[in-house]
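1. Return atomic coordinates for the entry below.
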Amino acid sequence: MSNKLQIINVTEIIPYENNPRINDHAIDKVIESIKEFGFTNPILLDKDNVIIAGHTRYEAALRLNYSQVPCIYLNNLSEEQVKAYRLVDNKTSEFAEWDFDKLMQELDKINDIDLEMYNLNSINFDELNLTDEDFIKDEPLKTKEKEKQIIYCPSCNEKIEL
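-> Residues are numbered from 1 along each chain as shown. As a prediction, the model looks like this:
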């Protein structure tokens with residue numbers, strides 16, 4: 001049980017009982033991804049075989065009737081670090097932004113893979129908060145800055161910009 005990649009029987013893996021993520025709508029997409037690209041992202045486990053990260057991959061593996069999956073034990077983390085990592089692992093992708101020029105270049109190069117399952121072939125640019133000025137002909141598409149959200153701390157009423 002180290003930080004090395006290991007193949008583990010799915011029957012030995014225990015979902016974390018207080019997983020705050022609701023992954024039901026993502027499972028079919030992960031199944032299709034596994035079918036297309038393989039099981040390329042291991043499930044992360046604690047010393048007791050409880051999932052730290054990878055609940056959706058675990059559920060996809062069950063639906064695909066996999067008997068074994070790749071896993072990594074994160075034995076070097078304290079119990080508090082494990083709890084924090086469960087949240088951080090899912091939250092960090094929300095801070096990333098798209099370079100729309102590069103995104104469009106990449107999408108244009110993909111011909112033989114059906115991207116509809118991942119909603120990549122029909123990106124809704126309205127949801128990305130783009131305006132007509134982002135599509136000036138012969139000018140590179142600018143990366144949009146996220147609009148800042150302002151909330152107030154319920155305890156001290158201090159203004160917080162997100």
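2. Where do the strands of the chain begin and end?
-> 5-9, 43-45, 51-53, 68-73, 150-152, 159-161 (DSSP state E).
3. quick one: which of these is nearest Asp99?
-> Nearest to Asp99, of all the strands of the chain, is strand 159-161, at 23.5 Å by C-beta to C-beta. In short, each C-beta sits where N, CA and C put it, glycine included.
4. can you list contacts of the longest helix along the chain?
-> Longest helix of the chain, by residue count under DSSP state H: helix 79-91. Counting contacts by C-beta atoms under 8 Å, 6 or more residues apart in numbering, the residues outside helix 79-91 that touch it are Tyr16, Asn19, Pro20, Arg21, Leu44, Asp46, Ile52, Ala53, Leu74, Leu77.
5. now stretch 68-76
-> By C-beta under 8 Å, 6+ apart, the surrounding residues in contact with stretch 68-76 are 1-10, 13, 39, 42-47, 52, 54, 57-58, 61, 82, 85.
6. Buried among the residues you listed? Need that as a selection in PyMOL.
-> The following PyMOL line selects those of the contacts of stretch 68-76 that are buried, judged by 16 or more other C-beta atoms under 10 Å:
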select buried, resi 8+10+13+39+42+43+44+45+46+52+54+57+58+61+82+85
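7. Glu59 contacts His25, correct?
-> No. Under the criterion of C-beta atoms under 8 Å, Glu59 lies out of contact with His25, with a separation of 11.4 Å.
8. If you count surrounding residues, which of the two has more?
-> Glu59 (17 against 8; other C-beta atoms under 10 Å).
9. Can you tell me which of the strands of the chain is nearest to Leu103?
-> Across the strands of the chain, Leu103 has its closest neighbour in strand 51-53 (25.4 Å, C-beta to C-beta).
10. what about stretch 86-103, how long is it end to end?
-> Taking C-alpha to C-alpha, to the nearest Å, the span from the opening residue of stretch 86-103 to its closing residue is 28 Å.
11. residues of that stretch that come out buried?
-> Result for stretch 86-103 [16+ other C-beta under 10 Å]: buried residues Arg86, Asn90, Phe100.
12. would you turn these into JSON lines with distance to Asn111?
-> Rendered in JSON lines, the data for those read as follows (distance: C-beta to C-beta, whole Å):
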{"residue": "Arg86", "distance to Asn111": "38"}
{"residue": "Asn90", "distance to Asn111": "32"}
{"residue": "Phe100", "distance to Asn111": "20"}
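13. Show me which of the residues you listed is closest to Val30.
-> Ranking the buried residues of stretch 86-103 by separation from Val30, with C-beta to C-beta as the measure, puts Asn90 on top at 13.6 Å.
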